[in-house]
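Participant: need a 3D model of the following:
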Amino acid sequence: MNIGCLILSGGKSTRMGREKAMLHIGAVRFLDKLVYEFSSFSEILISVDKKERHPQIHYPMVEDVWENAGPLGGLLSGLLKTRADALFVLPCDVPLFSMSLAKKLMAMLSEDVDCVISKTEDGRWQPFCGIYKKSCIPVLEQAIACGQLKMMNSVEKLRHRVFFAGEESWRYQNVNTPADYQTLHQPQHIIAISGYKNSGKTTLIEHLIPLLLERGIRVMTVKHDGHSYIPDVPGTDSYRFFMAGAKTSLIFDSEKFSVTTREGLSRQNLATFARDVDLILLEGFKWTNYKKIEVVRRATKREPIAQLTNRLAFVSDWSKEELSAKEEEVFLPNDIESIADFITREYKMGHLEEEDIKL
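Facilitator: Now for the predicted structure:
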């Protein structure tokens, strides 16, 4: 069955006070994140009230056929317009919804079912996070003709199945008010630049940072030192204070600050520093399960790391055949723009999301 995707973006956003589709999660607008996430659908349509009211939307739009018919009217307009047999539908204000979750709903669709809707663990029905076939059109048309715009009233007249979201209910979090926006759960985005010593990891990260900043992605870097590194610059006042026994030494000016403390890096401290960044770039960390780019150079005379997990790409002067690369992309070390584009794409598609930071 050919299934398309319809993103509902025609609401007035009265409680939010601004268009919700244009809100940001990290460095990405809600609408862009959803379009990236669901790009594998055969067709993506954006439901709007009037096209001229949304000049900032550059995706295919479907205007409401009926005025003031709410999301039910948007869904019906989409079903009448689409080339697909059915539409996966969701609002623009659920930016955490994932393709893997959509696939679970699609798996419940069969010939004897008109639609699949969701129910979250708090007992709430989520009819606008679901899948609707074109066979739903007559029931929805009748609902609009009778002024019955509550979606569940129509669902009850359709052959439907219910997907119980359970532990994934957090992905249904919608953002209706500024308070909702403030409490929006935003997972960390992490990628490790891994490789053997002297492979060029530091130089690669150094060149990537300004390019990622140009693409609107705020970066934090993390490096682990297997030895006892020297904190601060020997001879400076803050260094002398710390070496004299201070538990914590802090130095600051009007633009920055540095802290040296006598304790290991806790999750809480790391989360605090990562609060206002979009992407954490790790140098090394080949033993972790984070997504990775491996740097391999002939000069090191070392093969790729056999035990490396979650490798997305190589940066190497070896050929793809020499690397035995399968699904991994391969970039030349000096093709920094393409590497930055690749990381940006993976970031926007949510492939670098991590629920927890474990270093």
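Participant: so what's residue 84 up against?
Facilitator: 2-4, 42-43 (C-beta atoms under 8 Å, 6 or more residues apart in numbering). Just so you know, the C-beta spots here come from the backbone N, C-alpha and C atoms, and that holds for glycine as well.
Participant: between the residues you listed, which is nearest residue 300?
Facilitator: residue 42 (44.7 Å; C-beta to C-beta).
Participant: wait, doesn't residue 300 sit right on residue 294?
Facilitator: No. Between residue 300 and residue 294 there is no contact under C-beta atoms under 8 Å: 11.7 Å.
Participant: quick one, which of the two is more surrounded?
Facilitator: Comparing residue 300 with residue 294 by other C-beta atoms under 10 Å, the one with more neighbours is residue 294, at 24 against 14.
Participant: let's see the pLDDT reported for the more buried one.
Facilitator: What the model reports as pLDDT for residue 294 is 96.
Participant: please name the strands paired to whichever strand or helix holds it in the sheet, noting orientation.
Facilitator: Using DSSP states H and E, residue 294 sits in strand 292-296. Note on strand 292-296: by DSSP bridges, its sheet partners are strand 188-194 (parallel), strand 311-316 (parallel).
Participant: which one of the ones you listed lies nearest to residue 274?
Facilitator: strand 188-194 (6.1 Å).
Participant: among the strands paired with strand 292-296, which is the most enclosed?
Facilitator: Of all the strands paired with strand 292-296, strand 188-194 has the most neighbours on average by mean count of other C-beta atoms under 10 Å, namely a mean of 24.
Participant: how's this protein carved up into domains?
Facilitator: If you go by automatic domain parsing, the domain ranges for the chain are 3-182, 188-228+265-354.
Participant: wait, residue 178 sits on residue 20?
Facilitator: No. Counting by C-beta under 8 Å, residue 178 stays clear of residue 20, with 10.9 Å between them.
Participant: compare these two (neighbour count), which wins?
Facilitator: More crowded of residue 178 and residue 20, by other C-beta under 10 Å: residue 20, with 25 against 13.
Participant: helix or strand: which one has the nearest residue to that one once chain neighbours are set aside?
Facilitator: Among residues not flanking residue 20 along the chain, residue 93 sits closest, at 4.5 Å (C-beta to C-beta, 6 or more residues apart in numbering). Here residue 93, judged by DSSP H and E, is contained in no helix and no strand.
Participant: what's the spacing between residue 93 and residue 164?
Facilitator: For residue 93, the distance to residue 164 (C-beta to C-beta, to the nearest Å) stands at 22 Å.
Participant: more crowded one of those two?
Facilitator: Set residue 93 next to residue 164 and count neighbours by other C-beta under 10 Å: residue 93 wins out with 23 against 10.
Participant: can I assume residue 176 sits in a strand?
Facilitator: No. Counting by DSSP: H, G, I helix; E, B strand; the rest coil, residue 176 is located in no strand; its state is coil.
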